[in-house]
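Student: A predicted structure for the sequence below; I have some questions about it.
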Amino acid sequence: MHQATSIPVLKFLSLFSLIALFSLCSGCSPVLGDPGAAAKRAEPAEVTLAVIPPVADRGSPARAIVRGLGPDAEIAGVFDGKPVFFFPTKNGHAGLFGADIMIELGEHLLKVAYEADGQTGSFEVPVRVADRDYGTRDIKVPVSQVRLSQADQERAAREKVLTDRALATVSPEKLWKGEFLEPVDASINSSFGRKTRMNGVLSPRPHAGADYLAKEGTPVRAPADGVVILAGDHFFSGKAIYMDHGQGLISMYFHLSEILVKEGDVIRKGQSPIGLVGKTGRVTGAHLHYGVYLNGARIDPSAFRKMTASLED
């Protein structure tokens, strides 16, 4: 499996300790209101933090923009207990984070610490998470795919260890650039976030990806640069590919008829095909399930693609 280097992670952990330090300091890091920005430090006045959007829906991505620091500044953040990595853009340093589809509603703190030219500072900003109704879908699958045999349960448990490890990948370098592409030339017929009533029983877990209605054999393209960290045939997701795009950003492609890449492959934006649409795993027909995880947060791939289009990096 793709392994991340350690030096940038150590830098992040050092900044994480700064976040903890400033959180304990009752009088430091004052936060002032500012239209169009979530927070602003009083000193130095030119260093600001903006959160876009200021209110995030469940399952939505968001970004924090730090302005007033040079390109060599070290910045790190934490949201909902998960790391936020920053990278330089034309309009400041951007850090992407997500409100998981099952995150608790209400305010969650975004903590950011920076170090630049020997100076340190921090922000602590509440981000309100609002509910969103994504709708409900009804599907029917064979009973054997709901009431699993002992052998299938053991197989699914083994595969979960592999997929959990892949989704926990945090490589410190940002591998992608620019707007993400659509993975296939097809329309979405089952959107992200919908609740699923399977064989008449409502699942407590909402749909964590977007399903593209495409014919079996349709080529799947890479939406951005990345590295293949897992490729295999799994009970639920069928033939699947997991790709690391750096800084905790993982994309996945399920139910393929063929996998045309292997673990460790370096993939370029637009590379096609990395796989072919199929109907493997637990499915009702041929389609591509496309998912995006951002540091463990399950977010809407379509909303994430739109956000990448607005980043001038």
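Tutor: Arrived safely.
Student: contacts, neighbours, all on C-alpha from now
Tutor: Will do.
Student: so, low pLDDT: which residues of the stretch 51-200 of the chain?
Tutor: Judged against pLDDT under 70, the stretch 51-200 of the chain has no low-scoring part.
Student: which stretches of it form helices?
Tutor: For the stretch 51-200 of the chain, applying DSSP state H, counting those that start in this stretch gives helices covering 150-167.
Student: show me where it has its strands.
Tutor: Along the stretch 51-200 of the chain, counting by DSSP state E, counting those that start in this stretch, strands occupy 55-57, 61-67, 74-79, 82-89, 92-98, 106-116, 119-130, 136-139, 188-190, 195-198.
Student: residues in contact with the nearest residue to A309 once chain neighbours are set aside?
Tutor: In this structure, A309 finds its nearest non-sequential neighbour in E179, 4.4 Å apart by CA to CA, 6 or more residues apart in numbering. Going by CA atoms under 8 Å, 6 or more residues apart in numbering, E179 touches A224, R305, K306, M307, T308, A309, S310, L311.
Student: what subset of the residues you listed is buried?
Tutor: Neighbour counting by 16 or more other CA atoms under 10 Å classes A224, R305, M307, T308 among the contacts of E179 as buried.
Student: which residues touch the closest residue to the first one other than its chain neighbours?
Tutor: Across the structure, with CA to CA, 6+ apart as the measure, the residue nearest A224 apart from its sequence neighbours is K269 (4.0 Å). With contact taken as CA under 8 Å, 6+ apart, K269 is in contact with W176, L181, R221, A222, P223, A224, D225, G226.
Student: what count of nearby residues applies to the third one?
Tutor: Think R221. Using other CA atoms under 10 Å, R221 is surrounded by 21 other residues.
Student: kindly report the same for the fifth one.
Tutor: By other CA under 10 Å, the residues close to P223 number 22.
Student: quick check: which of the contacts of E179 has the minimum pLDDT.
Tutor: Lowest pLDDT within the contacts of E179 is found at L311 (84).
Student: that one is in contact with G178, isn't it?
Tutor: Yes: using CA atoms under 8 Å, L311 is in contact with G178, at 7.1 Å.
Student: need the max-distance pair from the contacts of K269.
Tutor: W176 and R221 (14.5 Å; CA to CA).
Student: quick check: T308 is in a helix.
Tutor: Yes: membership of T308 in a helix is supported by DSSP: H, G, I helix; E, B strand; the rest coil.
Student: and the gap between it and G95?
Tutor: 12 Å (CA to CA, to the nearest Å).
Student: what's the burial count for G70?
Tutor: As a burial measure, G70 scores 12 neighbours (other CA under 10 Å).
Student: from K90, how far off is it?
Tutor: Distance from G70 to K90, by CA to CA: 11 Å.
Student: cool, and M307?
Tutor: 15 Å.
Student: what of H255?
Tutor: Distance, H255 to K90, using CA to CA: 38 Å.
Student: F192 now?
Tutor: F192 sits 31 Å away from K90, going by CA to CA.
Student: quick one: residues contacting the spatially most central residue of the chain.
Tutor: Residue closest to the mean C-alpha point of the chain, counted by CA atoms, centre = their mean, is L294 at 1.9 Å. By CA under 8 Å, 6+ apart, the contact set of L294 is L96, F97, G98, G248, L249, I250.
Student: just these now: which is nearest A166?
Tutor: I250 (8.3 Å).
Student: next, the angle from the helix or strand hosting that closest one to helix 150-167.
Tutor: Element membership for I250 (DSSP states H and E) is strand 249-259. Orientation of strand 249-259 against helix 150-167 (axes from the mean of the first three to the mean of the last three CA atoms, to 10 degrees) gives an angle of 130 degrees.
Student: now strand 249-259: average pLDDT?
Tutor: Here the average pLDDT along strand 249-259 is 98.
Student: give me the contact list for it.
Tutor: Under the contact criterion CA under 8 Å, 6+ apart, strand 249-259 has outside partners 167, 169-170, 216-217, 231-232, 237-245, 274-283, 286-295.
Student: just the buried ones from those, in ChimeraX syntax?
Tutor: To isolate the buried members of these in ChimeraX, using 16+ other CA under 10 Å:
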select :167,169,170,216,217,231,232,237,238,239,240,241,242,243,244,245,274,275,276,277,278,279,280,281,282,283,286,287,288,289,290,291,292,293,294,295
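Student: looking at the contacts of strand 249-259, which are in helices?
Tutor: L167 (DSSP state H).
Student: in strands, which of the contacts of strand 249-259 fall?
Tutor: Cross-referencing the contacts of strand 249-259 against strands under DSSP state E gives 231-232, 238-244, 275-277, 288-294.
Student: without its sequence neighbours, what residue ends up closest to G275?
Tutor: Spatial nearest neighbour of G275, chain neighbours left out: I259 (4.5 Å); criterion: CA to CA, 6+ apart.
Student: what of M102?
Tutor: Ranked by CA to CA, 6+ apart and with sequence neighbours excluded, the top spatial neighbour of M102 is R58, at 6.8 Å.
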